[in-house]
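> Requesting a structural model of the entry that follows:
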Amino acid sequence: WAAETTNDLKIRKIHTGLPAMIVDMLADIVVDSFNKITIESNSDAQKRWENIAKENDFKETLKQSIIDVFTQGDGAFKINYDTELSKYPIVEFYSGSNVEYEYIRGRITTIIFNNVYEKKVATYILKERYSKNGIKYELYKNGKLIDDYKSISETAELKEPTDVNFMMAIPMLFNKSKKYKGRGQSILEKKLDAFDSFDEYGANG
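A predicted model of the protein is given here:
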């Protein structure tokens, strides 16, 4: 269906949007059945979590994360702090295209979040390396690692926390990829031919 047609043969191609509709519906079903996170026997911790969830619009963040994992295979939540924006932890989700994983004996030891900054003179990529020992930053300029990760305005205020004993990042995947070891599999991956046939039928039927 993605291929070019034969010379002089014009076929009107349309896309139904069916994959997006399926993904959105499944995400809605999962999120609608999600009530809340309960912390038993600790009312103070429960209150703090409710404030964090409200501040981060957690239900909407969760829905978008499910959509991204359904389509891209995996991703990861990142927890950080920015007291200029909020007094609570900030929860973000990165889709699989912007996340890398490092493994030791089959276990994730580091989750790397990639942030791209386009400048007139160069393309910078900040790699945020989250592990149980804290966060380390690496800044690349046109693919080459540079010494000072604070070299551009977007990273100038970053600090590397080391006073933590847990990983402030959580991976998310539903199915393991048969093609890429250590990565997730999109729910659409095995259905592309069926969707192409459906689109082709819609264009010609």
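> Just the residues contacting the longest strand seen in the chain, thanks.
Counting residues, the longest strand in the chain under DSSP state E turns out to be strand 107-118. Here strand 107-118 makes contact (C-beta atoms under 8 Å, 6 or more residues apart in numbering) with 76, 78, 94, 98-103, 123-132, 152, 154, 167, 169, 171. The way it works is simple: take the backbone N, C-alpha and C, and place the C-beta from them, glycine included.
> ok, now with 7 Å
Contacting residues not belonging to strand 107-118 are listed as 76, 78, 94, 98-103, 123-131, 152, 154, 169, 171 [C-beta atoms under 7 Å, 6 or more residues apart in numbering].
> What are the buried residues along it?
Residues of strand 107-118 classed as buried by neighbour count (16 or more other C-beta atoms under 10 Å): 108, 110, 111, 112, 113.
> for those residues, which one is nearest residue 84?
residue 113 (19.9 Å; C-beta to C-beta).
> how close does the closest one get to residue 71?
Counting by C-beta to C-beta, to the nearest Å, the gap from residue 113 to residue 71 is 19 Å.
> circling back to that earlier point, can I have the buried ones of the contacts of strand 107-118 as a PyMOL selection?
Buried members of the contacts of strand 107-118, defined by 16+ other C-beta under 10 Å, are picked up in PyMOL with:
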select buried, resi 76+78+94+98+99+101+124+125+126+127+128+129+130+131+152+169+171
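> Let's see which of the contacts of strand 107-118 end up in strands.
Per DSSP E, the subset of the contacts of strand 107-118 in strands is 76, 78, 94, 99-103, 123-131, 169, 171.
> centroid residue for this structure?
Geometric centre of the chain, nearest residue: residue 95, 1.9 Å, by C-alpha atoms, centre = their mean.
> one step back: okay if I get the buried residues of strand 107-118 as TSV plus pLDDT and distance to residue 137?
Converted to TSV, the buried residues of strand 107-118 look like this (pLDDT from 0 to 100; distance: C-beta to C-beta, whole Å):
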residue	pLDDT	distance to residue 137
108	95	19
110	97	13
111	98	14
112	98	11
113	98	10
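> For residue 176, state which of these is nearest.
residue 108 (12.9 Å).
> Over to the residue nearest to residue 86 when sequence neighbours are not counted: give its phi and psi.
If the residues on either side of it in the chain are set aside, residue 86 comes closest to residue 55, at 5.5 Å by C-beta to C-beta, 6 or more residues apart in numbering. With angles defined as degrees, to the nearest 10, residue 55 sits at phi -60, psi -40.
> Leaving out sequence neighbours, find the closest residue to residue 170.
residue 77 (4.5 Å).
> What is the burial count for residue 40?
7 (other C-beta atoms under 10 Å).
> give the contact list for residue 177.
Residues in contact with residue 177, defined by C-beta under 7 Å, 6+ apart, are 73, 183, 184, 185.
> what's the pLDDT at it?
Note for residue 177: predicted pLDDT of 89.
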